[in-house]
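Chemist: Quick one, fold the following:
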Amino acid sequence: MSNDQKPILDLNNNPLNEGDAVKLLNASEDLLRGLPLSDQLAIQDQVNKTMAIQSFNEHGHIELEFTDANGDMHFIWVEPNDVEKV
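Modeler: Numbers count the residues shown, from 1 in each chain. This is a model prediction of the structure:
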């Protein structure tokens, strides 16, 4: 993140950085909309679980990745207010 960008903050206003551990608090309708049911269920299963921040995009969304119960890797982009730094 360059010096001229505002820090990205979690739900509790804690600054977030790549590699930080965060708990996914919510699988929003915007995140789930249009996804196959199997992907929706896999994402919803991650709510209240901890994962590491992979990256940020130009809109301030956070990239998280996880492996579901079937061994399939998922990459999701979430809003900062949908996570809590742990």
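Chemist: Could you check what's spatially nearest to S28, not counting adjacent residues?
Modeler: Nearest residue to S28, sequence neighbours excluded (CB to CB, 6 or more residues apart in numbering): D82, at 6.2 Å. (C-beta placed from N, C-alpha, C; glycine too.)
Chemist: Burial check on the residue lying closest to A21 once chain neighbours are set aside, number of neighbours?
Modeler: In space, and not counting its chain neighbours, A21 is closest to V86: 4.8 Å by CB to CB, 6+ apart. Using other CB atoms under 10 Å, V86 has 11 other residues around it.
Chemist: Am I right that V86 is in contact with K23?
Modeler: Yes: contact criterion CB atoms under 8 Å: V86 and K23 qualify, at 5.4 Å.
Chemist: if I look at the two, which residues touch both of them?
Modeler: Common neighbours of V86 and K23, using CB atoms under 8 Å, 6 or more residues apart in numbering, are T50.
Chemist: re earlier: please work out how many residues are found near the residue nearest to S28.
Modeler: 22.
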